[in-house]
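Colleague: okay, predicted coordinates and the sequence, questions at the end:
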Amino acid sequence: MFKLSLVFTAILFSVCLLSAQSSQTNNMMSFSGESVEALENSTRSIYTDQENKICFVDFQSLNINLNEIIVRDKSGAIVMEDKVFDLPVDTIYEIHLDQLKGGNYSVELKSFTKVIVKEITVR
């Protein structure tokens, strides 16, 4: 009877161990790539003040913790890049547009799991 209990316990432990490893692998795979997501309610998260030439990024209105902000010109070249992972989650980040020439730019808000891209125009 003791041997049967010991064998049953060993089988149960093995099954639990294998299922834990397979679920862990799936979770790790889901974070391995970046997904690009359109920002539908961008007026709450990214606001461009053309008069004062400032673009505001409201961290608190986003559902992600940002680690980097990148601004690219229309050719895809990086014109501004900043690591923001150490900033508080209620930060309102300012991008000074007066340092950029007039034209179209994309603002990329990067986290560890996704990238949010917003197109802006500098006049």
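Modeller: Arrived safely, thanks for sending. Numbering: from 1, shown residues only.

Colleague: skipping adjacent residues, who's closest to the most centrally placed residue in the chain in space?
Modeller: Centrality entry for the chain: nearest residue to the mean C-alpha point is S111, 2.3 Å, by C-alpha atoms, centre = their mean. Distances taken as C-beta to C-beta, 6 or more residues apart in numbering place I64 nearest to S111, at 4.2 Å, with adjacent residues excluded. Bear in mind the C-beta positions are built from the backbone N, C-alpha and C, glycine included.

Colleague: and if you look at K110?
Modeller: E68 is the one closest to K110 (C-beta to C-beta, 6+ apart), at 4.3 Å.

Colleague: can you check the pLDDT for the one you found?
Modeller: With respect to pLDDT, E68 has a value of 97.

Colleague: so who does it touch?
Modeller: For E68, the contacting residues are 81-85, 108, 110, by C-beta atoms under 8 Å, 6 or more residues apart in numbering.

Colleague: who does it bridge with?
Modeller: K83, K110 (DSSP bridges).

Colleague: wait, is L6 part of a helix?
Modeller: Yes: L6 forms part of a helix when assessed by DSSP: H, G, I helix; E, B strand; the rest coil.

Colleague: contacting residues for it?
Modeller: Counting by C-beta under 8 Å, 6+ apart, L6 has no contacts.

Colleague: one more: R44?
Modeller: R44 sits in contact with 58, 61, where contact means C-beta under 8 Å, 6+ apart.

Colleague: helix, strand, or coil at it?
Modeller: helix.

Colleague: out of the contacts of E68, which comes closest to L12?
Modeller: Lowest distance from L12 to the contacts of E68 (C-beta to C-beta) belongs to F85, with 41.9 Å.
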